[in-house]
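K.L.:
Please find the sequence and the predicted model below.
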Amino acid sequence: MAEEILAGKKIVLGVSGSIAAYKAAEIIRLCRKVGAEVKVVMTEGACEFITPLTLQTLSGSPVAIDLLDADEESAMGHIKLARWADWVLIAPASANTMARLVQGRTEDILSALCLATEAPIALAPAMNNKMWTHEATQQNLAVLIGRGNYILGPDSGDQACGEQGKGRLLEPEQIIALLSQLMVPKRLSGKRVVVTAGPTHEPIDPVRYIGNRSSGKMGFELASAAAEAGAEVILITGPVHLTTPSAVCRIDVETAEQMYDVVMDISDADIVIGCAAVADHRPAKYHKKKIKKSDSESSSLALIKNRDIITAVSLRKERPFVVGFAAETENMAEYAKGKMKAKNLDMVAANQVGKDLVFGADINALHVFWSEGDQTMATAFKSHLARELMTLIIERYDAKNSTKNS
Ligand code: C5P
């Protein structure tokens with residue numbers, strides 16, 4: 001899980017005055033569950049909504065409230081806290097706290113700490129939707145983003161004030177997931193990664209096509225994992241019903257030939273991952289008019305072979321690191337290794353289809369092969385597997401480049 005990256009991290013959790021302050025309790029619990037250390041800093045407003053004692057008990061540390069706290073034993077001074085933090089997370093971040101950070105004010109311990117720290121700061125805003133959309137808040141938001149702060153949310157929906165709209169604090173699980181993503185080392189920064197995903201549809205006539213059961217989930221998760229690792233990601237997908245991962249450039253195609261053309265147009269990719277279930281064949285002839293039902297008991301459809309996309313990529317003179325997939329129902333290892341050789345791949349990720357593991361499911365298991373080794377990845381959610389596989393791809397990509405350069 002991406003959340004594992006929080007283990008051992010020192011997080012200052014700033015809590016400001018909002019009805020959503022009660023969610024800070026769950027944020028602390030989730031952070032500590034994965035092994036992070038949390039020290040809480042509260043604004044005066046936050047203390048009106050939740051007691052410091054609650055957050056002190058959950059975090060296992062004294063809560064800092066006063067800037068000028070004489071008792072150094074019970075509260076770390078703001079400078080000490082600023083130095084201690086690996087990350088500062090402000091959740092909820094009120095409109096007032098955002099404004100104070102923009103102005104660089106120091107009359108409360110949270111604002112002073114944010115001015116003094118070199119740690120990255122993430123804010124999860126929470127406020128009434130009118131306050132959120134107000135020009136003043138939006139301008140403050142732009143300044144905070146411009147200074148390199150990270151903004152998590154807010155969400156839309158029912159608000160405590162009875163109104164509807166944008167301004168709800170994200171759920172604690174979402175905040176932790178996003179914070180974890182921000183912490184992933186950007187090992188692919190400056191690199192371009194191309195991912196193919198989904199099925200292809202090969203039209204027979206205006207209403208029929210040859211397709212397959214690929215959902216595109218694994219390819220989308222891989223694109224997301226590559227973006228989290230800092231890559232510029234181009235996701236080329238066949239027809240799917242999935243939302244584009246953030247910070248990913250998506251190009252939609254329908255057929256194998258279209259996918260081939262788009263992939264081959266990109267000549268400067270560092271890594272290409274062929275996760276699409278590309279149709280091996282397409283109808284030899286496209287009928288412009290719908291083919292009429294015939295009375296005969298049997299009929300046939302002439303097919304021609306589609307060009308193999310990842311083979312074409314791997315035959316390029318300046319070839320990227322190429323990863324293919326193999327879905328097999330039997331002799332998985334043998335077939336996968338054969339495919340790696342035949343297609344000149346750097347790595348192949350094999351998954352067994354049939355049994356409980358089916359196309360389109362949310363879970364999968366992989367056996368990954370490269371020329372010098374292999375690694376099995378146990379059954380897990382595709383989001384998890386994609387991150388595990390991306391870590392391995394980065395490792396092998398770095399290893400290949402270091403031997404090339406030595
Ligand atoms: O040969 P097979 O279709 O089993 O190989 C699967 C791998 O090859 C996948 O990585 C798939 O994306 C890729 N492929 C391709 N172009 C094709 C067919 C498969 O890139 N025309």
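P.N.:
All right, it came through fine. Fair warning: this is a prediction, and the values are worked out from it, not measured in the lab.
K.L.:
is it true that residue 400 touches residue 320?
P.N.:
No: contact criterion CB atoms under 8 Å: residue 400 and residue 320 do not qualify, at 10.5 Å. Placement of C-beta: from N, CA and C, glycine included.
K.L.:
what's residue 117 in contact with, if anything?
P.N.:
12, 81, 82, 83, 85, 88 (CB atoms under 8 Å, 6 or more residues apart in numbering).
K.L.:
Quick one: buried ones out of these?
P.N.:
12, 81, 82, 85, 88 (16 or more other CB atoms under 10 Å).
K.L.:
Next up, the contacts around residue 223.
P.N.:
193, 195, 197, 233, 235, 245, 248.
K.L.:
cutoff 6 Å now
P.N.:
Residue 223 makes contacts with 195, 233, 235, 245, 248, as judged by CB atoms under 6 Å, 6 or more residues apart in numbering.
K.L.:
Would you mind giving the secondary structure of the second one?
P.N.:
Applying DSSP: H, G, I helix; E, B strand; the rest coil to residue 233 yields a three-state assignment of strand.
K.L.:
separation between residue 204 and the ligand?
P.N.:
18 Å (CB to the nearest ligand atom, to the nearest Å).
K.L.:
Look at that residue and give its secondary structure.
P.N.:
strand.
K.L.:
And for the residue lying closest to residue 186 once chain neighbours are set aside, the neighbour number?
P.N.:
Sequence neighbours aside, residue 230 is the residue nearest to residue 186 in space, at 2.9 Å (criterion: CB to CB, 6 or more residues apart in numbering). Counted with other CB atoms under 10 Å, the neighbours of residue 230 add up to 17.
K.L.:
try residue 155
P.N.:
If we define neighbours as other CB under 10 Å, then residue 155 has 15 of them.
K.L.:
Surely it touches residue 170?
P.N.:
Yes: Residue 155 is in contact with residue 170 according to CB atoms under 6 Å; the separation is 5.2 Å.
K.L.:
what mean pLDDT does stretch 180-187 have?
P.N.:
The average pLDDT for stretch 180-187 rounds to 86.
K.L.:
Just the terminal-to-terminal distance for stretch 298-312.
P.N.:
Stretch 298-312 has an end-to-end distance of 36 Å (CA to CA, to the nearest Å).
K.L.:
Tell me which residues are up against that stretch.
P.N.:
256, 260, 263, 274, 281, 282, 283, 284, 322, 324, 343.
K.L.:
Close to the ligand: what parts of the stretch 151-300 of the chain are there?
P.N.:
196, 256, 274, 276, 278, 280 (CB under 6 Å from any ligand atom).
K.L.:
So the third one sits against residue 324, correct?
P.N.:
Yes: the criterion here is CB under 6 Å, and residue 274 meets it with residue 324 at 4.9 Å.
K.L.:
quick one: strands adjacent to the helix or strand of the chain with the lowest mean pLDDT?
P.N.:
Here the helix or strand of the chain ranked lowest by mean pLDDT, DSSP states H and E is strand 155-158, holding a mean of 84. Strand 155-158 sits in its sheet next to strand 164-168 (antiparallel), going by DSSP bridges.
K.L.:
So residue 119, which state does it fall into?
P.N.:
Going by three-state DSSP: residue 119 is coil.
K.L.:
next one: the one 4 residues further on
P.N.:
Put simply, residue 123 is strand when judged by three-state DSSP.
K.L.:
what's near enough to touch the closest residue to it other than its chain neighbours?
P.N.:
Excluding the flanking residues, the one nearest residue 123 by CB to CB, 6+ apart is residue 93, at 4.0 Å. Residue 93 makes contact with 16, 123, 124, 125, according to CB under 6 Å, 6+ apart.
K.L.:
can you check residue 339 too?
P.N.:
326, 348.
K.L.:
Highest neighbour count among the contacts of residue 223?
P.N.:
residue 195 (33 neighbours).
K.L.:
Does it touch residue 273 like I think?
P.N.:
Yes: counting by CB under 6 Å, residue 273 is a contact partner of residue 195 at 4.7 Å.
K.L.:
residue ranges with poor pLDDT in this protein?
P.N.:
1-2, 68-76, 354-358 (pLDDT under 70).
K.L.:
how many neighbours does residue 13 have?
P.N.:
With other CB under 10 Å as criterion, residue 13 counts 23.
K.L.:
Give me the common contacts of residue 195 and residue 273.
P.N.:
Joint contacts of residue 195 and residue 273 (CB under 6 Å, 6+ apart) are residue 222.
K.L.:
which element is the residue in the stretch 101-250 of the chain that the ligand sits nearest to on?
P.N.:
Taking CB to the nearest ligand atom, the ligand has its nearest neighbour within the stretch 101-250 of the chain at residue 196, 5.6 Å off. Using DSSP states H and E, residue 196 maps to strand 192-197.
K.L.:
Can you list the strands that that strand pairs with?
P.N.:
When DSSP bridges is applied, strand 192-197 pairs with strand 232-237 (parallel), strand 271-274 (parallel).
K.L.:
So residue 143 is in contact with residue 104, correct?
P.N.:
No: Residue 143 is beyond contact range of residue 104, at 10.5 Å (criterion: CB under 6 Å).
K.L.:
more neighbours, these two?
P.N.:
Counted by other CB under 10 Å, residue 143 and residue 104 do not tie: residue 143 has more neighbours, with 15 against 10.
K.L.:
Excluding residues flanking it in the chain, which one is nearest the more buried one?
P.N.:
Counting by CB to CB, 6+ apart, the residue nearest residue 143 is residue 102, at 4.9 Å.
K.L.:
Is the longest helix anywhere in the chain positioned near the ligand?
P.N.:
Longest among the helix segments of the chain by residue count, using DSSP state H, is helix 382-405. No: contact of helix 382-405 with the ligand (CB under 6 Å from any ligand atom) is absent, the minimum separation being 12.6 Å.
K.L.:
Measure how that helix sits relative to strand 192-197, angle-wise.
P.N.:
Interaxial angle of helix 382-405 relative to strand 192-197 (axes from the mean of the first three to the mean of the last three CA atoms, to 10 degrees): 140 degrees.
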